[in-house]
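Novice: Structure, please.
(chains A and B)
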Amino acid sequence: MTVRLFNTLTGVKEEFVPLRDDRVTMYVCGPTVYDHPHIGNWRCFVVFDTVRKYLKYRGFDVIYVQNFTDVDDKVIRKAHETGQSPKDVAKKYIAEYLREATILDIERADVHPRATLHIDDMIELVQRLLAGGHAYESAGSLYFDTTSFPEYGKLSKQKIEDLQAGARVEPDENKRHPLDFVIWKGHKPGEPAWESPWGPGRPGWHLECSAMAMKYLGATLDIHAGGSDLIFPHHENEIAQSESATGQKFARYWMHNAFLNIGGERMGKSLGNFYTLGELLEKYPPDAIRFFLLSAHYRKPLEFSEKALNAAARGMSRLKAVAGRLQRMRLAVPVDAPSRGGRDTQGVRGARRTEGDGGKGADRGEEEWLQRIASSRRDFEAYMDDDFNTADAFAVLFDLAREINARFPDSPSDALLDAAIAFYKDAGYVLGVLREFRGIPAPFSPGIGTKVQDGEVGRHADMTKIVGGLISLIVGIRDQARKSKDYQTADRIRERLTDMEIVLEDTPEGTRWRFKGQ
RNA sequence: GGCGACGUAGCCAAGUGGCAAGGCGGGGGUCUGCAAAACCCUUAUUCGGCGGUUCAAAUCCGCCCGUCGCCUCCA
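Specialist: Purely as a prediction, here's the structure:
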C-alpha cells in the first residue's frame, strides 16, 4: 500500500510519490506572530504535524519547514498598540507559539524561517522576476504582473475574468491589473524598512513563503500545505511567483485543511468567536484537544463545542487507561501469589460469566492475539494511507482497546505485550496522543490547576511531587479505614477527593488514584 | 456573479455502489462493602427533500430546500 492524498491542484486523491525516493520536502504556512493562535489555527498545525509524522512512520525522511511571518500589517499594528517594536512582538509570539506547539505534541520544524531574516533572498527573487519580465515598479513599490503567468488561477480553479467580476478589490491606481499583487512595498513612515535596489521598503506577504520554501527545499517541493483560506490568493500567488522565477513546478502536492466551525460558522479572529489554546487547557488535557482536532477528516469542517471537547476528553481517558494497563502489565514483577494471576483485569471474570457462551468471549490464543494486534496495525495504516483518515484511525485504537480490556490474557507473553504496546506507541506518536505512555513527560498536569507560565516550570514540577505525595498519604489513611471496615470514613475521604477532581479506584491490587480526565 | 464545500442517531463524526465505523451521552445489567474503572446488552429499518439510474445507493445522476467557505488580512 502507498499513501494517497488529495491534491488541491488536481482536485483528486493521488498516490503520493515524492520527487526523491525516500525524502519528502514539506512546507506549511506558519503563523503570523502578532498574537496567540486560536484553536482553529491550531487545527491546521496539528493536522499537518500528523501528516508529517505519518510519513515519517512510513519511512520517509521528511524535511519540514514552517515559516514565521514576523513582518506584516498586523505585527506592525500590534507594535504600535503596545508600544513595542515589531521585532519584540514577533519574538514574544514566536516563543509562545513554540511553547504551545510543544504542549500539543507538535514537533519542531526542521527549519522555522523568519521573514525578516530572509530579506536578501526575497530581494533576489524580486530581481529574478523583474529580469524575467514578470514584475514592474510603480510608485516605489513592485508588483507581480499576473498577466505574465498564463496559468494564473490553476490552483483555485478560477479564471482571471471571473475573479475580477466579483472582487471587491479597492482600486489600486498603481497596479496595471487588479489581480497584480505587491511583492515589495515601498517604505511608509512608522514601518520597518530594509534597503533594496528600489529604495527602502518591506517584502510583500506572498513573497516570503516562495523565497523561504525554495531556499530550504529547492525549486520544487513535494508538499505545500496550509488552511483552505490560503488557496486564494496566497498560494495562487506563490505559484505564480515561484514558477515564473524558476520555470519549474513549485509544489507537487497541495494540501489544505478545512476550518474549525463554531455554531456552524468559521472560527475566526475577526468574528471574535474563538478560543485560544490557553483557555482550553484550563479544562481539557492536551491530548484530548488534539484528539478532538483529529476526530474529523482534515478536509471536512469540524464543529467546535465544549460538549465535543468533553466527549474527546472522556474518550482519551479510556485510551490512556488501557495503555496504562498494558504498561503496568509489562512492568509488573511477579511478586503476587501465583494463585492470583489477575493483575489489572478486574471485572473480567464477571463479564465473562454474564456473557454466557455467545462466542464473542471465546479466549484467543497467544498467536491469535498477535494476529489481532497486527491486523489493527494494518487497519491503522490503511486508514492513514487513505488521505490521512484520522477519524477511522482512532476508531481502530478504540476497537482494540475494548477487546484488550475485555479479554486480554491474564499472563500474556512479553512478545504479545510488546506488540500491543508498540502499536499504541506508534499510533500515539503519529496522532500526537498518549504522551506519558510514550515516555514523554507531560508539559504540565492540568488537574493541579496551575497554568503554564514562563519561569514557573521548575516550581510546578515540585508542586506535582508534593501534591502526589499528599494524595498518596491520604489514600493510605483511607485504606486503613477500609481495612477496619470503617466505610463511612473511607467514603467521606473519597467524596472529598472526588470533589477535587481526584478519582479513586479500588482494585484487587490496592487503591489507585488519578486526576479526573487523566 | 465566479469557484468550492457541507447537510448521517441527543451531540461530535467515519463511510462515496452491496445489508449504517468510532467517540460522548441515554437506558438495562455484571463486577464492587458502596463507588470508580472495565465489560456485556441496548440506543439511526435509516443517512436534508423529491425523482431517476441499478439486481443493489447514505454512496451515481437531476431538481429542490437549508447551511457554510473563498473571491479582501485570515489556518
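Novice: so where is the stretch 251-400 of chain A shaky, pLDDT-wise?
Specialist: Applying pLDDT under 70 to the stretch 251-400 of chain A flags the ranges A:333-363.
Novice: just the stretch 51-200 of chain A next, same as before
Specialist: Low-confidence segments of the stretch 51-200 of chain A (pLDDT under 70): A:164-172.
Novice: how about the strands in it?
Specialist: For the stretch 51-200 of chain A, the strands defined by DSSP state E, counting those that start in this stretch cover A:61-66, A:135-138, A:141-144, A:181-186.
Novice: Deepest-packed of the ones you listed, please.
Specialist: strand A:141-144 (a mean of 24; mean count of other CB atoms under 10 Å). Any C-beta I mention is one placed from the backbone N, CA and C, and that applies to glycine too.
Novice: before we move on, back to that, closest one to RNA strand B among the strands of the stretch 51-200 of chain A?
Specialist: strand A:181-186 (7.0 Å; CB to the nearest atom of the strand).
Novice: I'd like to know which elements that closest one is packed against.
Specialist: helix A:119-131, strand A:141-144, strand A:201-203, helix A:205-217 (3 or more CB pairs under 8 Å, 6 or more residues apart in numbering; DSSP states H and E).
Novice: the inter-axis angle of the last one versus strand A:61-66?
Specialist: Between helix A:205-217 and strand A:61-66, the angle formed by their directions is 150 degrees, by axes from the mean of the first three to the mean of the last three CA atoms, to 10 degrees.
Novice: Please state the mean pLDDT value computed over helix A:205-217.
Specialist: Averaged over helix A:205-217, pLDDT sits at 96.
Novice: And whichever residue of the stretch 201-350 of chain A sits closest to RNA strand B, what's its pLDDT?
Specialist: As assessed by CB to the nearest atom of the strand, RNA strand B sits closest to A:G227 within the stretch 201-350 of chain A, at 1.7 Å. Looking at A:G227, its pLDDT stands at 96.
Novice: out of everything not next to it in sequence, what's closest to it?
Specialist: A:C44 (4.9 Å; CB to CB, 6 or more residues apart in numbering).
Novice: quick one: what helix or strand has the one you found in it?
Specialist: helix A:39-57 (DSSP states H and E).
Novice: Could you save the helices and strands packed on strand A:181-186 as a markdown table and add columns showing distance to RNA strand B?
Specialist: A markdown table is the format used below for the helices and strands packed on strand A:181-186 (distance: least, CB to the nearest atom of the strand, whole Å):
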| stretch | distance to RNA strand B |
| --- | --- |
| helix A:119-131 | 15 |
| strand A:141-144 | 12 |
| strand A:201-203 | 13 |
| helix A:205-217 | 5 |
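Novice: can you tell which of those is closest to A:E15?
Specialist: When the helices and strands packed on strand A:181-186 are compared by CB to CB, helix A:205-217 sits nearest A:E15, at 21.0 Å.
Novice: Following the chain onward from the closest one, which element is next?
Specialist: strand A:221-227.
Novice: Identify the residues contacting the helix or strand just after that following strand?
Specialist: From strand A:221-227 onward toward the C-terminus, using DSSP H and E, the following helix or strand is helix A:236-246. Helix A:236-246 is contacted by residues A:125, A:128-129, A:132, A:134, A:144, A:146, A:148-149, A:151-156, A:158, A:181, A:183, A:206-207, A:209-210, A:213-214, A:219, A:224, A:249-251 when judged by CB atoms under 8 Å, 6 or more residues apart in numbering.
Novice: Any quick PyMOL command for the buried ones out of those residues?
Specialist: Buried residues within these, by 16 or more other CB atoms under 10 Å, are selected in PyMOL with:
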select buried, chain A and resi 125+129+134+144+146+148+149+152+153+155+156+158+181+183+206+207+209+210+213+214+224+250+251
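Novice: between the helices and strands packed on strand A:181-186, which gets nearest to A:H36?
Specialist: helix A:205-217 (20.3 Å).
Novice: Could you list the alpha-carbon positions for the closest one in PDB?
Specialist: Taking C-alpha atoms only, helix A:205-217 is exported to PDB below (Å, rounded to 0.1, in the frame of the first residue of the first chain):
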ATOM      1  CA  TRP A 205       3.300  38.900   2.100                       C
ATOM      2  CA  HIS A 206       3.200  36.300  -0.500                       C
ATOM      3  CA  LEU A 207       6.800  36.600  -1.400                       C
ATOM      4  CA  GLU A 208       8.300  35.300   1.800                       C
ATOM      5  CA  CYS A 209       6.900  31.800   1.500                       C
ATOM      6  CA  SER A 210       8.100  31.400  -2.000                       C
ATOM      7  CA  ALA A 211      11.600  32.700  -1.200                       C
ATOM      8  CA  MET A 212      12.000  30.700   2.000                       C
ATOM      9  CA  ALA A 213      10.400  27.500   0.700                       C
ATOM     10  CA  MET A 214      12.700  27.400  -2.300                       C
ATOM     11  CA  LYS A 215      15.700  28.400  -0.200                       C
ATOM     12  CA  TYR A 216      15.400  25.400   2.100                       C
ATOM     13  CA  LEU A 217      13.600  22.900   0.000                       C
END
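Novice: How far off centre is it?
Specialist: 22 Å (CA atoms, centre = their mean, to the nearest Å).
Novice: distance between the ends of stretch A:112-123?
Specialist: Stretch A:112-123 has an end-to-end distance of 20 Å (CA to CA, to the nearest Å).
Novice: can you pull the buried residues of that stretch?
Specialist: In stretch A:112-123, the ones that count as buried by 16+ other CB under 10 Å are A:112-116, A:118-119, A:121-123.
Novice: TSV for the residues you listed, including distance to A:M255?
Specialist: Shown next, in TSV, are the buried residues of stretch A:112-123 (distance: CB to CB, whole Å):
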residue	distance to A:M255
A:H112	19
A:P113	20
A:R114	23
A:A115	22
A:T116	27
A:H118	23
A:I119	28
A:D121	24
A:M122	24
A:I123	29
